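1. Provided below for reference: sequence and predicted model.
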Amino acid sequence: MVFRLPPKTKQSVANVFCQRFYGQDASSHGGKYRYHRRGILDDISYRKLIRGVIILKLEDLDTVLTFLDRYDAEVYVQRIRLAAEDRQILGLSQ
């Protein structure tokens, strides 16, 4: 899947998108407390290739598309043949 936010999306909206999509490691009190804010991809097996390009299971596609639709993202989906390494990361049988 390839996606991008619409052109001229405000930086504040893009930041919130990334936090909610990928999750975010954060800290408070000068780094004393560290925690992770969960994103939707925390519950999905995926492989991020580069910015805006991820490989995921077909069964998780609807969840991700629904989320991206809320941000009016431009999305391209295509089935691909996975390399052994990608299959292992996604937890699929060889």
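-> Thanks, I have the structure now.

2. For whatever helix or strand Arg34 lives in, which helices and strands make contact with it?
-> For Arg34, the element it lies in under DSSP states H and E is strand 33-37. Secondary-structure packing of strand 33-37 (3 or more CB pairs under 8 Å, 6 or more residues apart in numbering; DSSP states H and E): strand 24-28. The way it works is simple: take the backbone N, C-alpha and C, and place the C-beta from them, glycine included.

3. tell me the angle the strand it packs on makes with strand 33-37.
-> Relative orientation of strand 24-28 versus strand 33-37 (axes from the mean of the first three to the mean of the last three CA atoms, to 10 degrees): 150 degrees.

4. Neighbouring strands of strand 24-28 in the sheet, and parallel or not?
-> Neighbouring strands of strand 24-28 in its sheet, by DSSP bridges, are strand 33-37 (antiparallel).

5. In the strand holding Arg34, which residues are buried?
-> Of the residues in strand 33-37, none is buried by neighbour count under the rule 16 or more other CB atoms under 10 Å.

6. what's in contact with whichever helix or strand comes after it?
-> The element immediately downstream of strand 33-37 (helix or strand, assigned by DSSP H and E) is strand 46-50. For strand 46-50, the surrounding residues in contact (CB atoms under 8 Å, 6 or more residues apart in numbering) are Ile54, Ile55, Leu56, Asp60, Asp86, Ile89, Leu90.

7. on that earlier part again, could I have the strand holding Arg34 exported to CSV, CA atoms only?
-> The C-alpha trace of strand 33-37 is given here as CSV (Å, rounded to 0.1, in the frame of the first residue of the first chain):
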residue,chain,number,x,y,z
TYR,A,33,8.9,8.6,32.7
ARG,A,34,8.9,7.0,29.3
TYR,A,35,5.8,5.5,27.6
HIS,A,36,4.3,4.7,24.2
ARG,A,37,1.1,6.3,22.8
